[in-house]
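[1] I'll drop the sequence and a predicted model, then ask my questions.
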Amino acid sequence: MTKKQRILVVEDDPGSLLLATVVLEGDGYAVDGTGSAEEARDVIAKRRPALILMDIGLPGMDGLDFTRELKSSARTASIPIVALTGLNMPLYERSARAAGCEGFIVKPVSPAVLTAEVRAFLSHRKR
């Protein structure tokens, strides 16, 4: 039996977090969900995720600042981060990529699109 790839979903909206968790677990991933950068920092210290789905509009430290923090640390810089946000404007995508996000997914997102994007991103990273 192969070990499930772990995905960390950092999302402050409980409904969006639940949807992403159910969809990704249904597709065979192990999922950790947190509602803030501070909670996510604790999870990352215990279990290194294969991928982070990062909401931009988080309480406290926002997702862009948290992405910059993760990318500036040698311990976490190689973890791929994909923005998962309802902010659907080119400016936000440019800002997310400038902060260090390797991908950008706009909410609301269908389960099929979410799983396809995650699968494609993780398979691309393996090469």
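    The structure has been received and is ready for your questions. Numbers count the residues shown, from 1 in each chain.
[2] quick check, central residue of the protein?
    By C-alpha atoms, centre = their mean, the chain has its centre lying nearest to residue 53, at 0.9 Å.
[3] quick check: it touching residue 9?
    Yes. Counting by C-beta atoms under 8 Å, residue 9 is a contact partner of residue 53 at 4.7 Å. (Each C-beta comes from the backbone N, C-alpha and C, glycine too.)
[4] joint contacts of the two?
    Counting by C-beta atoms under 8 Å, 6 or more residues apart in numbering, the shared contacts of residue 53 and residue 9 are 20, 84.
[5] sorry, back to before: hey, what's the residue nearest to the centre of the chain bridged with?
    Bridge pairing for residue 53 (DSSP bridges) gives the partners residue 9, residue 82.
[6] quick check: residue 5 touching residue 47?
    No. If you go by C-beta under 8 Å, residue 5 and residue 47 don't touch, sitting 11.6 Å apart.
[7] looking at these two, which one has more neighbours?
    Between residue 5 and residue 47, residue 5 has the larger neighbour count (other C-beta atoms under 10 Å), namely 17 against 10.
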